[in-house]
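# Would you be able to build a 3D model of this:
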Amino acid sequence: MKQVFSQIDQVLKRAGGSLANVVTMTVFIKGVALRRPLVEMRKDMFQNGNYRAARLSTVTNFARPGIEIEIQAVGVIGDRCSAEHPCSAEAQAKKK
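Sure, this is the predicted structure:
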């Protein structure tokens, strides 16, 4: 699991971000026994209880033998939206 999160972090760093830029994840694990270690790992990766939206699915097998976990993460880097400059129409209306 550490290796998977490390690889995600490396990809995001090459794009100018980090794990802090992850906004959502889809996680596939091989068997429910990996659920608890995954929860503990997320506590280490996303400090202060600032967990990302996530979907967890248990699978019986992966296409490649030996795989135990697969994570698809979506990160947002370079977002110019802020409280001062909201991007959504709803937030812009509230600001007026």
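# any idea whether the nearest residue to Ala53 once chain neighbours are set aside is helix, strand or coil?
For Ala53, ignoring the flanking residues on the chain, the nearest one in space by Cβ to Cβ, 6 or more residues apart in numbering is Thr24 at 4.4 Å. Glycine gets a C-beta too; all of them are placed from N, C-alpha and C. With DSSP: H, G, I helix; E, B strand; the rest coil as the basis, Thr24 sits in strand.
# contacting residues around Thr24?
Contacts for Thr24 (Cβ atoms under 8 Å, 6 or more residues apart in numbering) come out as 52-54, 73-74.
# and of those residues, the nearest to Phe28?
Nearest to Phe28 out of the contacts of Thr24 is Ala54 (Cβ to Cβ; 11.3 Å).
# sec struct for Gly17, please.
Under three-state DSSP, Gly17 comes out as coil.
# Report how many residues lie close to it.
Close neighbours of Gly17, defined as other Cβ atoms under 10 Å, add up to 16.
# now swap in Met41 and tell me
What Met41 shows, counting by other Cβ under 10 Å, is a neighbour count of 16.
# Check Ser82 too.
Residues near Ser82, counting by other Cβ under 10 Å: 9.
# And for Ser57?
Ser57 has 9 nearby residues by other Cβ under 10 Å.
# Identify the residues contacting it.
Ser57 touches 26-29, counting by Cβ under 8 Å, 6+ apart.
# tell me which of those is nearest to Phe5?
Nearest member of these to Phe5, counting by Cβ to Cβ, is Val27, at 10.6 Å.
# correct me, but the closest one touches Val59?
No: counting by Cβ atoms under 8 Å, Val27 does not reach Val59; the two are 10.4 Å apart.
# out of these two, which sits in the more crowded spot?
Neighbour totals were compared for Val27 and Val59, and Val27 leads with 20 against 12 (other Cβ under 10 Å).
# List the buried residues for whichever strand or helix holds the more buried one?
Here Val27 sits within strand 22-30, counting by DSSP states H and E. Residues of strand 22-30 classed as buried: 22, 25, 27-30 (neighbour count, 16 or more other Cβ atoms under 10 Å).
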